[in-house]
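In: coordinates only, no sequence provided:
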């Protein structure tokens, strides 16, 4: 496990750009439900309109699970600081081989960011191993505002088909966070839609995918006409989070409306 001081200076605000669920292929022309995922990813990158301290990539980075795809992504991102968590479509071993060991904790003088592995091998749903939950308990008691980052949504998002594939022990995570007043938020991907809500004092934030969007509040699989996007996060010294979602112009990268799954 790696610990990292993201910003050891006296800077008060810690900021991130969040991109998630790009479902990239090694092939430049690889597509998911009609959307060429490298093209939509680079278009979403171009939405970045202010500097940030780092980027967070919250899973499902490679649809084809190939080491070469992760290496290609690493080369594409270049020297900018960025951090990752694995999604259900990812291969964590190949990711670590390409990117290096996963960073598990970032911090500055006001905040810490805990990056958790919710990948459950062979399953679409997520699971936090006991050592991940113990990691949360170890650090959530620190005198720092806390943001938890993982791939899977910890509580139902009110889309029946997606909620079959949520974090299966999400209640265990939320119970631990509720015990610590400085546990401020959980940031996740997986559901390919925007969420911003508060449960028991903990803010839940989901980011749109950089490729296809899923229609909110759907009983069965359904794609949405919303455009790909990303999220900007600013972690303020008083524990507040300023955040906004940015999207490409409506009509860009429309998915196959007849898709029945992916």
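Out: Noted; the coordinates are in hand. On a predicted model such as this, the values are computed, not experimentally measured, just so you know.
In: residue 153: what's it in contact with?
Out: Listed by C-beta atoms under 8 Å, 6 or more residues apart in numbering, the contact partners of residue 153 are 162, 166, 167, 170, 188, 190, 191, 195, 204, 206. Heads up, the C-betas are built off the backbone N, CA and C, glycines and all.
In: ranges for the strands of the stretch 101-250 of the chain?
Out: With DSSP state E, counting those that start in this stretch as the criterion, the stretch 101-250 of the chain has strands at 103-107, 111-115, 145-149, 183-188, 195-199, 202-206, 213-214, 223-224, 229-235, 241-247.
In: and those: which comes nearest residue 51?
Out: Shortest separation from residue 51 across the strands of the stretch 101-250 of the chain is recorded for strand 229-235, at 10.5 Å, computed as C-beta to C-beta.
In: okay, how far is it across stretch 244-253, tip to tip?
Out: From its first residue to its last, stretch 244-253 covers 21 Å (C-alpha to C-alpha, to the nearest Å).
In: next, count neighbours for the closest residue to residue 218 other than its chain neighbours.
Out: Distance criterion C-beta to C-beta, 6 or more residues apart in numbering; nearest residue to residue 218, sequence neighbours excluded, is residue 159 at 4.8 Å. For residue 159, the neighbour count with other C-beta atoms under 10 Å is 23.
In: residue 159 and residue 214, how far apart?
Out: From residue 159 over to residue 214 the distance is 7 Å, taken as C-beta to C-beta, to the nearest Å.
In: which residues do the two both contact?
Out: Listed as contacting both residue 159 and residue 214 by C-beta under 8 Å, 6+ apart are residue 191.
In: centroid-nearest residue for the protein?
Out: residue 58 (2.4 Å; C-alpha atoms, centre = their mean).
In: my read is that that one contacts residue 188, right?
Out: Yes - under the criterion of C-beta atoms under 8 Å, residue 58 makes contact with residue 188 at 6.3 Å.
In: low pLDDT regions in the stretch 1-150 of the chain?
Out: The stretch 1-150 of the chain contains residues with pLDDT under 70 at 1-10.
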